[in-house]
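Peer 1: sequence-free structure coming up:
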């Protein structure tokens, strides 16, 4: 029983933690973000399975975790009001070609990071960007002027 | 439609795939439910044996998984004098188990017909002997074994609890 309860607790803890640290950390792999992910992975294993080396324990934890993922996805789909809590809102970073510095600050993002993301999407200049949106999964969507 | 989408049908396999996914997920969801009902072990179960000479209780899990740390607790309430208390443990207590500690430690340990015998000092009527045994399951020790406990006064059986232990893979 306690395996399932520990898994549920850790799942909720990670959910709250990832929502609290912000979505920038979800997609980027800067050194500090990498440390967070690696350390969380290691500590979660210790906390959930403890000294359990069994296949039964592993199966129970994996299936419980999968069930929780499906359940929260269903909650988010079914109850619109829960969606911002579980997934957050998309954040506008560039609107009508103008960089929204306030939103960048809120997301702890620099203009350099936005430029880097733009380069990764084969955009030559931020001047070509009409809208940039930090999506709930941590990725940035760019709408260029040419795309209307 | 461009050539990138040839061979992709909007409806093909959608319904079958959805049913298969839902059935699989429902079947898998049974596992955490069984775990919540303690089918996969770890929860201690209490068993008791009582007679005019003694009341003996054993608290230990019936089902365990490889690697788990667990405790078995033996509690003996002597109702009459037991001059030479001997705890006789079935082979399941030691087979594939890492013995972390036994407190209080027995004065003597020996083997009797493949069973482990722990000797303690005399119990007078009204005395209580509590023994805590801490173990860790060897992950390769999978199976179902006898986990019975017998209290002897020297060679004379006084009380017996029949138990089994199951180690899941």
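Peer 2: Yep, that arrived. All figures in this text were calculated on a predicted structure; none of them were measured in a lab.
Peer 1: Please count neighbours and contacts with C-alpha atoms only from this point.
Peer 2: OK.
Peer 1: who touches residue 93 in this structure?
Peer 2: Because you didn't say which chain, this covers chain A. Residues near residue A:93 by C-alpha atoms under 8 Å, 6 or more residues apart in numbering or on different chains: A:99-101, A:103-104, A:131-134.
Peer 1: Chain B is the one I meant
Peer 2: Residue B:93 sits next to B:146-147 when contact means C-alpha under 8 Å, 6+ apart.
Peer 1: Do you know the pLDDT at it?
Peer 2: If you check residue B:93, the pLDDT there is 96.
Peer 1: Could you check how far it is from chain A?
Peer 2: Counting by C-alpha to the nearest C-alpha, to the nearest Å, the gap from residue B:93 to chain A is 19 Å.
Peer 1: hmm, back to that, if you rank the contacts of residue A:93 by neighbours, which is first?
Peer 2: Of all those, residue A:132 has the most neighbours under the rule other C-alpha atoms under 10 Å in any protein chain shown, reaching 24 neighbours.
Peer 1: from memory that residue sits against residue A:98, does it?
Peer 2: No. Because the distance of 9.6 Å does not satisfy C-alpha atoms under 8 Å, residue A:132 is recorded as not touching residue A:98.
Peer 1: Select the longest helix from chain A.
Peer 2: Assignment by DSSP state H gives helix A:55-78 as the longest helix of chain A.
Peer 1: what packs against the helix or strand following that one?
Peer 2: The helix or strand immediately downstream of helix A:55-78 is helix A:83-86, counting by DSSP states H and E. Judged by 3 or more C-alpha pairs under 8 Å, 6 or more residues apart in numbering or on different chains; DSSP states H and E, helix A:83-86 is in contact with helix A:55-78.
Peer 1: name the helices or strands packed onto the helix it packs on?
Peer 2: helix A:2-21, helix A:31-49, helix A:83-86, helix B:14-36.
Peer 1: hey, which of these is tucked in deepest?
Peer 2: helix A:2-21 (a mean of 16; mean count of other C-alpha atoms under 10 Å in any protein chain shown).
Peer 1: between that helix and helix B:14-36, how big is the angle?
Peer 2: On the basis of axes from the mean of the first three to the mean of the last three C-alpha atoms, to 10 degrees, helix A:2-21 is oriented at 120 degrees to helix B:14-36.
Peer 1: hmm, helix A:2-21 touching chain B?
Peer 2: Yes. For helix A:2-21, a contact with chain B is found by C-alpha under 8 Å from any C-alpha of the partner chain, at A:2-4.
Peer 1: residue ranges with poor pLDDT in chain B?
Peer 2: Low-confidence segments of chain B, defined by pLDDT under 70: B:1, B:10, B:12-13.
Peer 1: returning to what we had before: what does the longest helix of chain A rub up against?
Peer 2: Everything outside helix A:55-78 that qualifies as a contact, by C-alpha under 8 Å, 6+ apart, is A:3-4, A:7-8, A:11, A:48-49, A:82-83, A:86-87, B:25, B:28-29, B:31-32, B:35, B:40, B:65, B:168-169.
Peer 1: buried sites along that helix?
Peer 2: A:56-57, A:60-61, A:63-65, A:67-68, A:72, A:76 (16 or more other C-alpha atoms under 10 Å in any protein chain shown).
Peer 1: And stretch B:133-143, by the same measure?
Peer 2: B:133-142.
Peer 1: give me the subset of these touching chain A.
Peer 2: residue B:139.
Peer 1: Name the nearest of the buried residues of stretch B:133-143 relative to chain A.
Peer 2: Nearest to chain A among the buried residues of stretch B:133-143: residue B:139, at 6.3 Å, using C-alpha to the nearest C-alpha.
Peer 1: Where does the closest one sit: helix, strand or coil?
Peer 2: Following DSSP: H, G, I helix; E, B strand; the rest coil, residue B:139 is assigned to coil.
Peer 1: okay, now the domains of chain B?
Peer 2: Domain segmentation of chain B under automatic domain parsing yields B:3-36, B:44-168.
Peer 1: nope, chain A is what I was after
Peer 2: If you go by automatic domain parsing, chain A breaks into A:2-86, A:91-147.
Peer 1: What helices and strands are in contact with the helix or strand hosting residue B:86?
Peer 2: If you go by DSSP H and E, residue B:86 is part of strand B:85-89. In terms of contacts (3+ C-alpha pairs under 8 Å, 6+ apart), strand B:85-89 is packed against strand B:115-119, strand B:149-153.
Peer 1: mind listing what's buried in the helix or strand following the last one?
Peer 2: Helices and strands here follow DSSP H and E; after strand B:149-153, the next one along the chain is strand B:156-161. Residues B:158-161 are the ones in strand B:156-161 that count as buried (16+ other C-alpha under 10 Å).
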